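Visitor: Have a look at this prediction, sequence included:
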Amino acid sequence: MKIQALDKNKHNRKQFDCDVVPLNKYLQQTAKQHDDVDLSRCFVLTQDDACILGFYSLSVCHIKWDELPEKHQKKYPKNGITGVLIARLAVDKQHQRKGYGGDLLMDAIHKIITSGVDVPHPVIIVDAKDEQAKAFYLQFGFEEIAPSSNRLYIPTQHARNMIEQV
C-alpha cells in the first residue's frame with residue numbers, strides 16, 4: 001500500500017464509496033479540478049495503484065485572530081494567520097475500521113510539517129463533519145478552536161512532536 005498524489009489516469013475514482021455523498025463526489029468530480037487550479041492537493045491510499053482505499057486533501061486557509069483560542073492569540077498578529085487545512089479525509093466503506101484513517105492523517109501531517117520547512121504555517125486545521133469525525137481528530141491531539149466547535153486545530157509544533165514520537 002502507498003499514499004500518492006491523485007492521478008486521474010491511474011486511480012479508479014468511480015468505485016470509491018465512503019457512504020458520504022459529498023466526499024465521494026469531491027473525489028470523483030472535483031479533486032482533480034481543484035488540483036489543476038492550485039486550490040488543493042488530493043492524496044490517495046492505494047492497494048494496487050488503481051483501487052483507492054482512502055484519500056485526503058490539503059489546502060491553505062486563513063484564521064482570523066479572534067477565531068484563535070485565547071491562549072494562542074498573544075502569539076500571533078491581529079490580522080490573523082495562515083494554516084493548512086486538511087480539507088477532506090475519507091476511507092472507502094469496505095476498508096473502514098482498519099486504521100487507514102490514522103495512516104492518512106499521519107501522512108497529511110507529515111507532508112504539512114515537511115512543507116513547513118520552506119513555507120511556515122503555525123497551525124493545522126480540520127473541519128470535522130460530525131461528532132464521530134470530531135472524536136477521531138481529538139484522539140490525535142487536535143483541540144476545538146472554540147467550545148462545541150467542529151473546527152479543530154493542532155499547533156504545527158505539537159504535530160511535529162507527535163510525528164517524531166511515532
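Guide: The structure has been received and is ready for your questions. Numbers count the residues shown, from 1 in each chain.
Visitor: Going along the chain, name the helices of this structure.
Guide: Along the chain, the stretches classed as helices by DSSP state H are 21-25, 31-36, 70-73, 100-115, 131-138, 156-165.
Visitor: which of the ones you listed sits most buried?
Guide: Most buried of the helices of the chain, by mean neighbour count (mean count of other CB atoms under 10 Å): helix 100-115, with a mean of 18. In short, each C-beta sits where N, CA and C put it, glycine included.
Visitor: hmm, who's touching that one?
Guide: Contacts to helix 100-115, defined as CB atoms under 8 Å, 6 or more residues apart in numbering, come from residues 3, 43, 45, 53-56, 58, 84, 86, 89, 91, 121, 124, 136-137, 140, 156, 159-160, 162-163, 166.
Visitor: Mind putting the helices of the chain into a markdown table with mean pLDDT?
Guide: A markdown table is the format used below for the helices of the chain (pLDDT from 0 to 100):
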| stretch | mean pLDDT |
| --- | --- |
| helix 21-25 | 95 |
| helix 31-36 | 95 |
| helix 70-73 | 82 |
| helix 100-115 | 94 |
| helix 131-138 | 94 |
| helix 156-165 | 86 |
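Visitor: could I get those helices as CSV with distance to Ala146?
Guide: Below are those laid out as CSV (distance: least, CB to CB, whole Å):
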stretch, distance to Ala146
helix 21-25, 24
helix 31-36, 27
helix 70-73, 10
helix 100-115, 22
helix 131-138, 13
helix 156-165, 18
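Visitor: how close does Pro120 get to Asp48?
Guide: As judged by CB to CB, to the nearest Å, Pro120 and Asp48 stand 37 Å apart.
Visitor: What confidence value was assigned to Cys42?
Guide: pLDDT for Cys42: 97.
Visitor: cool, and Val166?
Guide: Confidence score, pLDDT, at Val166: 69.
Visitor: And Gln96, by the same measure?
Guide: 94.
Visitor: what's the answer for Gly99, then?
Guide: Gly99 is given a pLDDT of 94.
Visitor: what's around it, how many residues?
Guide: Taking other CB atoms under 10 Å as the criterion, the count of residues near Gly99 is 10.
Visitor: Against Pro155, how distant is it?
Guide: According to CB to CB, Gly99 and Pro155 sit 25 Å apart.
Visitor: So what sits opposite Tyr56 in the bridge?
Guide: Beta bridges link Tyr56 to Phe43, Leu89, judged by DSSP bridges.
Visitor: burial measure for it, as a count.
Guide: Other residues lying near Tyr56 total 24 when counted by other CB under 10 Å.
Visitor: Enumerate every residue touching it.
Guide: Residues in contact with Tyr56, defined by CB under 8 Å, 6+ apart, are 42-43, 86-90, 104-105, 107-108.
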